[in-house]
Every structure is written in C-alpha cells, then in structure tokens.
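[1] here is my input, please return the structure:
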Amino acid sequence: MSLTPDGMGPWQLIRYAPRPVWIVTALFALMLAAWSVLAPIYHAADEPNHADAVMRLVEGKGWPSSETARVTDQGVGATAASPYGTKLRPLTLNTSPLAASAAPGRDDRPEWKQLQALPGTSGRLTQQITQHPPGYYWYEAVILKVGGATGWRWDIAVSAMRLLSALLVVWLPLLSWATAWRMTGSRLAGIAASIVPLAVPELTHVGSSVNNDNLVTLAGAATLLGVACVLRGDRRRSTALWIGGWLAIALWAKAFGLVLVPLVIGVYAVPWFLDRRRGAPDRGRSAAVALALSAGVGIALGCWWYVVNEVRYGSTQPGVPGFPPGTNLGNDHAALARYLSQGVLTRWWGSLGWFEVTLPWRLVIIATIVFGALGIIALLKGGRRRLSLLLLLWPTVVTYLLVFASTVHYYHSTHHIRGLAGRYLFIGFTGVAALVGIGCAALPARVARWAPFTLLVGALGIQAEAAHLAIDKWWRPVGGTLRQAWDALSAWSTWPVGVLWAGVCALGLFVLLALASTLLVGLGSPQDVDDAEAGPPESPGPSENPSNGTERAAQPVPTPGSA
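    Model (predicted):
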C-alpha cells in the first residue's frame, strides 16, 4: 500500500517529502543566495530602512512610534557607503550600471558602529518602518546581536541580514508540496507545487533582501498548510496549536497577517456549526476546542499589538508624517486601473529593486495564463472539494482586495498612489502554488507525468531572463561584456571571489540534479502516474470524516525523503 497523507499533521507532511522536492528546495536555497549577491546592496525596495530598523534593535535603541522615528546616523552612513547612490549624490538612487573602479576595497569598508551621518542629515530622514510590528526585526536583531554585528563591516551586517531573510522563505517548496499533497493525496501534485516558488523572480529577489514580507510569507504558508489539514478533517489539538502559533507570528510580522484570522476561525467554526445541527456533539466539541486553541493562541499572542495601536493612535497601523506622497496620477483613472491590474501582476512576477528591473509584459502574460489555466483545471476537477480549493486563495485574494481598496481611497483623497507592490500578496503564495500543482496532476496522465520537468524548465527560463535583465541593469556597462559585469559584481560583493565561484558551481550542480530528478518522474514512476490518472480524490470533507479528528495514519510508512 502506498503512503497517503491521511492522518498526518503539518510536520509529518513535510517530513515525508520525496527526494525531488528536497532537491528542488536545495536549488531554491541556492537561487536565494545567488540573488542576495546579484542585487546590489540597498537596490531592493525599502531595504535601507529595513536594515536600519534591525540595527536599531541590535544597538538597543528601541522601537519608537513611526510618528517620531528617524533613520539612525549609522543607517544614513550605510546608505552613503553603499552602491545605492553615487559619490556626488549618495542618497539618490543610481540607476546606471555599477563600475568596478568605484567599489571600495573590502578592507576599506567601515564597521557599522563607525558609520556617520552626512552633514545635515542627522535625525532628519523619516523612518517609516516602525509603523510595522517588530517581529521580523527582532528575529534578525537577536541573531546579529549574539554575533556582535555592530563590530562587523557594514556590508557584512547587511548581507547577513539578507541570508537570514532567505532562511525564512527557503521552506516554501516544502510547504507547497505538503499543502498540495494534503489536499489531494497526489504526490505528483505536491512535486509540481514545490517547483512553483522557483518560477517567480520577484519571490527569489524579495526573499533574499532585507524585508519584513519574508516572515509574513513564511507564516502565511505554514498557517495555510494547517488550514489544509483542517479542511481534510484534521481537528487534532496539535494541528490547532500549529495554526495558532504561526498565526501569531504572521500578526507579529505585518498587518496583512490579519487576513488569516477570519480564515482560521471559519474553517473550524463552520464544521462546528454544522455538527451541532446534525446532532453530532462529540465532533462539534472537537472543532470547538480546536477553534479555541488556534484562534485563541494566535489572537492572544499576536493581536494585542494592533489593539494598543487602536488605543494609542486610533488605527491598526500608525501614520508616518512627512512620508512621500507617491506617484501623482492626476485625474487619470485609466492609469490607476493599469497600476491596479497590470502593475500588481508585473510586480508579483518580477519588478525588481526599486522597480528598476521589470520582466517583459508578454512573459508575465504567458506565465499568468499558464498558472491561471492550471488553477482553473484544478477547480473544475475538484468535485466536492472546490470550496476547499478556493479557500487556498483566500490570503492572496483578500490581501489584494485590501490593497485595492486602500489604493483607490488614497487616490481619491490625494490623486497619488503608493504602497502598491506584488510582494504583499506572497502571504498566500503556497495556496497559489498548490492549485498549480493540483492542476498539473489533473491533466491526462501522459501529460501530467511531465508537468514537474516542464515547470522546472520554464522556471529556470524565467529566472535566466530576470538574471539577464538584472545583470544588464546593475552590472554590465553599456556596450560592455559579461566579464566586465562579473568584475563589477565581484568588486562590490561582500564575499570573496572564491566564495562566489563556489556558489556558481553549486547552483549549476543542483540545476542538473533537479532536472534529472524531475526527468525521472516523467520517465516513469508508477506511483506518480497512478496519482495523475486518479486525479484529485473524492475523499470525505471535514463534516463527513468519521474519524472525529483522529484520522488513521496509512501504513506502511516509508523512509522520509524516499522518491
């Protein structure tokens, strides 16, 4: 008997990921590391302020209100020392390729504590980051403080923050696998879903920069995995505690974590209500206990931050006096519509840096059509589970609606737009990935078995295009060569050239391993073909499962990681 996910909790689902998923996860980790070097320091949205907020905690300067917070002198000095600007205009974004000759030697780069503000800038620059909960920044700060980061070279401190950010999102392939597998029982669906994170350059770029979206992306993915277990009938207390813990982390990461609260409450409250009406008090009691644990833990540990803000400032997120108003659109409602549709879509797939490097619109459209078609197939073949599958999109759709409403309201008040980024939707990324994977498994068997390999080839193609555009924009002189681009990148890089070459070789090796492992899936794993032929199974939903929250674990259980 083959292994099924019935009876497994979130951790077990991850533990039993097959070998291709682990290889894809390792490849994703190397991609994140590569993007942490490929993007020049501070050429990522709001990264200077995010890094300053982390070091503020490392230095013991607290978390003041965003109404009074200012960038520290060391934070200003770091921006001036970075490749963000030029020597003549250090605090203005430089949009030209960086020159190797302009890079200071590694031994000449000052420690963070030695940095100083430029004349006339001390206490003058707005620090808007403290309007957010400090969860992500404490995560980074605690580790850096233990390592004595104030005594490190400033670029080592920021590069370490980038790698710590990557450590948060590196688990997305595993979480995507587990979510798709739990919803369908199809290993093929899970393997295909695990590849989706590799196909989005915006995710690999943001995931390897200093950015609080990384923690809420991880927490949203882990919460959604717990929700998937509940949707398949799991009412165990351990799963409820998993959901509650990750919900609290999401709330401590960013205000968008609030979109998860009604989802968590709903997936427990609806079965509880239905069980009471059907006269099944025992099952209703198990749902009520799980609801109390998950929502109680999550809200108690995470929501008080927002309650305090409401009491103190009259809003869940304090304002930032003097913050730049954004882009002026005047009365151009057509431009507003383009930003809310084409703009968000492009920035979800890949509009890198300070929106400096953007994927071609035709590529974005093709990728969106492919993902959209696979998602629709998953829903059409979902049978009685269509509502459960739709709920996987809850974080993405509701977050977009909030961003949409906020942007429209701000536009009608000011004729400007701001705060419109595709990365905000990454809180629900694994739900999208799972639907894509489930759609792949629902294709005809001869096509489905090749879906992971095809997805991986497509993902590598998109990443190659994004890297090509990034190199041309940031590193290669106009009319110059790739060798000149490499010289510039290695001159500005935090890490020695030998480390960079080792990373390139490791990345190439795991590209080959991932291609080989997915090729083997296409060539003939009988289990994968059986899953594809069967499609998403019509197993009982939460209200029909007779297990009373203690599902039977399937036997036999193979060794974790077996293909």
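[2] kindly export stretch 328-342 (C-alpha atoms) in PDB.
    C-alpha atoms of stretch 328-342 as PDB (Å, rounded to 0.1, in the frame of the first residue of the first chain):
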ATOM      1  CA  ASN A 328       0.900  61.700  -9.000                       C
ATOM      2  CA  LEU A 329      -1.700  60.400 -11.400                       C
ATOM      3  CA  GLY A 330      -3.800  63.500 -11.600                       C
ATOM      4  CA  ASN A 331      -7.300  62.600 -12.900                       C
ATOM      5  CA  ASP A 332      -6.100  59.700 -14.900                       C
ATOM      6  CA  HIS A 333      -8.400  56.900 -13.800                       C
ATOM      7  CA  ALA A 334      -7.100  54.700 -16.700                       C
ATOM      8  CA  ALA A 335      -3.600  54.900 -15.200                       C
ATOM      9  CA  LEU A 336      -5.000  53.900 -11.800                       C
ATOM     10  CA  ALA A 337      -6.700  50.900 -13.400                       C
ATOM     11  CA  ARG A 338      -3.400  49.900 -15.100                       C
ATOM     12  CA  TYR A 339      -1.500  50.100 -11.800                       C
ATOM     13  CA  LEU A 340      -4.100  48.000 -10.000                       C
ATOM     14  CA  SER A 341      -4.100  45.300 -12.700                       C
ATOM     15  CA  GLN A 342      -1.000  45.200 -14.900                       C
END
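[3] now that stretch: mean pLDDT?
    Across stretch 328-342, pLDDT averages out at 93.
[4] contacting residues around it?
    Trp361, Phe404, Thr407, Val408, Tyr411, His415, His416, Ile417, Leu420 (C-beta atoms under 8 Å, 6 or more residues apart in numbering). (Glycine included, C-beta is placed from N, CA and C.)
[5] what number of residues lie near the nearest residue to Trp272 once chain neighbours are set aside?
    Ranked by C-beta to C-beta, 6 or more residues apart in numbering and with sequence neighbours excluded, the top spatial neighbour of Trp272 is Ala287, at 3.8 Å. Neighbours of Ala287 under the rule other C-beta atoms under 10 Å: 28.
[6] between the contacts of stretch 328-342, which sits nearest Ser82?
    Leu420 (25.2 Å; C-beta to C-beta).
[7] just confirm the closest one contacts Ser406, I think it does.
    No: in this structure Leu420 lies outside contact range of Ser406 using C-beta atoms under 8 Å: 9.0 Å.
[8] more neighbours, those two?
    More crowded of Leu420 and Ser406, by other C-beta under 10 Å: Leu420, with 19 against 14.
[9] what's the distance between the more buried one and Tyr306?
    22 Å (C-beta to C-beta, to the nearest Å).
[10] and Gln342, how far from Ser351?
    On the measure of C-beta to C-beta, Gln342 and Ser351 end up 11 Å apart.
[11] counting neighbours, go ahead and name the busier of these two.
    Ser351 (24 against 13).
[12] now for that one: which residues touch it?
    Counting by C-beta under 8 Å, 6+ apart, Ser351 has contacts Glu202, Val357, Thr358, Leu359, Gly422.
[13] do you know the pLDDT at Pro318?
    pLDDT for Pro318: 83.
[14] check the offset of the helix or strand where Asn49 lies from the chain's centre.
    Asn49 belongs to helix 47-58 when elements are defined using DSSP states H and E. Here the centre of helix 47-58 is set off from its chain's centre by 20 Å, with C-alpha atoms, centre = their mean, to the nearest Å.
[15] now do that helix: everything it contacts.
    Contacts for helix 47-58 (C-beta under 8 Å, 6+ apart): 41-42, 62-63, 71-72, 74-75, 78-79, 82, 84, 112, 127-130, 134, 137-138, 140-141, 144-145, 149-150, 157-158, 161, 209-212.
[16] what about Leu274, neighbour count?
    Neighbour tally, Leu274, other C-beta under 10 Å: 15.
[17] and the next element down the chain from the helix or strand in which it is found?
    Assigned by DSSP H and E, Leu274 belongs to helix 260-277. Using DSSP H and E, the helix or strand that follows helix 260-277 in sequence is helix 281-302.
[18] which strands or helices does that following helix pack on?
    Helices and strands touching helix 281-302, by 3 or more C-beta pairs under 8 Å, 6 or more residues apart in numbering; DSSP states H and E, are helix 237-253, helix 260-277.
[19] quick one: mean pLDDT over that helix.
    The pLDDT scores in helix 281-302 average 84.
[20] how about stretch 118-137?
    94.
[21] how far is that stretch from where the chain is centred?
    Centroid separation for stretch 118-137 versus its chain: 23 Å, with C-alpha atoms, centre = their mean.
[22] now it - C-alpha only, PDB.
    Taking C-alpha atoms only, stretch 118-137 is exported to PDB below (Å, rounded to 0.1, in the frame of the first residue of the first chain):
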ATOM      1  CA  LEU A 118      26.200  63.000   6.200                       C
ATOM      2  CA  PRO A 119      26.300  66.700   7.100                       C
ATOM      3  CA  GLY A 120      22.800  68.000   7.600                       C
ATOM      4  CA  THR A 121      21.100  64.500   7.700                       C
ATOM      5  CA  SER A 122      21.400  63.500  11.300                       C
ATOM      6  CA  GLY A 123      17.900  63.000  12.700                       C
ATOM      7  CA  ARG A 124      16.300  64.300   9.500                       C
ATOM      8  CA  LEU A 125      15.400  61.200   7.500                       C
ATOM      9  CA  THR A 126      11.900  59.600   8.100                       C
ATOM     10  CA  GLN A 127      12.000  56.000   9.400                       C
ATOM     11  CA  GLN A 128       8.600  54.600   8.400                       C
ATOM     12  CA  ILE A 129       9.400  51.000   9.300                       C
ATOM     13  CA  THR A 130       8.400  51.300  13.000                       C
ATOM     14  CA  GLN A 131       4.800  51.500  11.900                       C
ATOM     15  CA  HIS A 132       5.000  47.700  11.500                       C
ATOM     16  CA  PRO A 133       5.100  45.100  14.200                       C
ATOM     17  CA  PRO A 134       8.800  44.300  15.200                       C
ATOM     18  CA  GLY A 135       8.600  40.500  14.800                       C
ATOM     19  CA  TYR A 136      10.800  40.300  11.700                       C
ATOM     20  CA  TYR A 137      13.300  42.800  13.100                       C
END
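[23] residue numbering should commence at 58 henceforth.
    Got it, first residue is 58 now, which makes that one stretch 175-194.
[24] what comes up buried for it?
    Buried residues in stretch 175-194, defined by neighbour count with 16 or more other C-beta atoms under 10 Å: 178, 182, 184-194.
[25] likewise stretch 403-417?
    Within stretch 403-417, the residues scored as buried using 16+ other C-beta under 10 Å are Thr403, Arg404, Trp405, Trp406, Gly407, Ser408, Leu409, Gly410, Glu413, Val414, Thr415, Leu416.
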